[in-house]
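**Q** starting from these lines, generate the structure:
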Amino acid sequence: MKKNFVFPFLSALLIILFSCKNPERKKTNFQNYLKNTNWIVDSGGLMTPDGEKIYDLSKRIDTAVIFNFHAVNFLDEEKFKSYDAWQCGNDCFTEVHGRYYFTEANQIKMEVDSIRKSEFCDVPTQIFKPSKEMFFNLVKEKEKLQLVRK
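**A** Next comes the predicted model:
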């Protein structure tokens, strides 16, 4: 009698444990036109969870010399980095690291994993578990891109 009860009980327990696993994000079939692109943030500043409602971006040209700017780099299929760069006199730089996913053809979800300040800031790195989420509509106009927070 005990053998007949133990096997179904253990099977049910294993099924429950494996069904509690975090669901994986479903891949989408939307074209990722942000992959491997670098942008200067013309207005809006760093891309942070408590940041601006609208970010105006223009493509970054590596040959242009620019001082004092905010930028965002979409590094690969899913990772991004938002950062700032300033002339001498301000040695406290911020980097925002995370992941991005297209949820619709012109919508992205950005998940902020960490906000790191350079060693001169005397501020510890913020690590978010779970990641902080941001949702944006993308408005593309020639070489400009606007991200509007949803």
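
**Q** how far away from the center of its chain is the strand ranked longest in the chain?
**A** The longest strand of the chain (DSSP state E) is strand 126-141. What separates the centre of strand 126-141 from the centre of its chain is 5 Å, taken as CA atoms, centre = their mean, to the nearest Å.

**Q** mind listing what's buried in that strand?
**A** 132, 134, 136, 138 (16 or more other CB atoms under 10 Å). C-betas here are computed from N, CA, C, even on glycine.

**Q** mind putting the residues you listed in TSV, pLDDT included?
**A** Formatted as TSV, the buried residues of strand 126-141 follow (pLDDT from 0 to 100):
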residue	pLDDT
K132	95
M134	95
F136	96
L138	95
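
**Q** still on that earlier bit, immediately after the longest strand of the chain, which helix or strand?
**A** Using DSSP states H and E, the helix or strand that follows strand 126-141 in sequence is strand 144-149.

**Q** neighbouring strands for that next one, and are they parallel or not?
**A** Strand 144-149 has the following strand partners under DSSP bridges: strand 54-59 (antiparallel), strand 126-141 (antiparallel).

**Q** to M47, which of those strands lies closest?
**A** Counting by CB to CB, M47 lies closest to strand 54-59 out of the strands paired with strand 144-149; the figure is 6.4 Å.

**Q** what residues of the closest one count as buried?
**A** By 16+ other CB under 10 Å, the buried positions in strand 54-59 come out as 55-57.

**Q** all helices of this protein, in order?
**A** For the chain, applying DSSP state H gives helices covering 2-19.

**Q** residues making contact with the longest strand of the chain?
**A** Residues outside strand 126-141 that contact it (CB atoms under 8 Å, 6 or more residues apart in numbering) are 33, 47, 49, 51, 55, 98-99, 103, 106-116, 145-150.

**Q** distance-wise, check D84 relative to T94.
**A** 6 Å (CB to CB, to the nearest Å).

**Q** pull up the overlap in contacts between the two.
**A** L46.

**Q** below-threshold pLDDT in this structure: ranges please.
**A** 1-28, 63-64, 88-90, 119 (pLDDT under 70).

**Q** hang on, the earlier thing: drop anything exposed from the contacts of strand 126-141.
**A** Counted by 16+ other CB under 10 Å, these give 47, 49, 51, 55, 98-99, 103, 107-113, 115-116, 145-147, 149 as buried.
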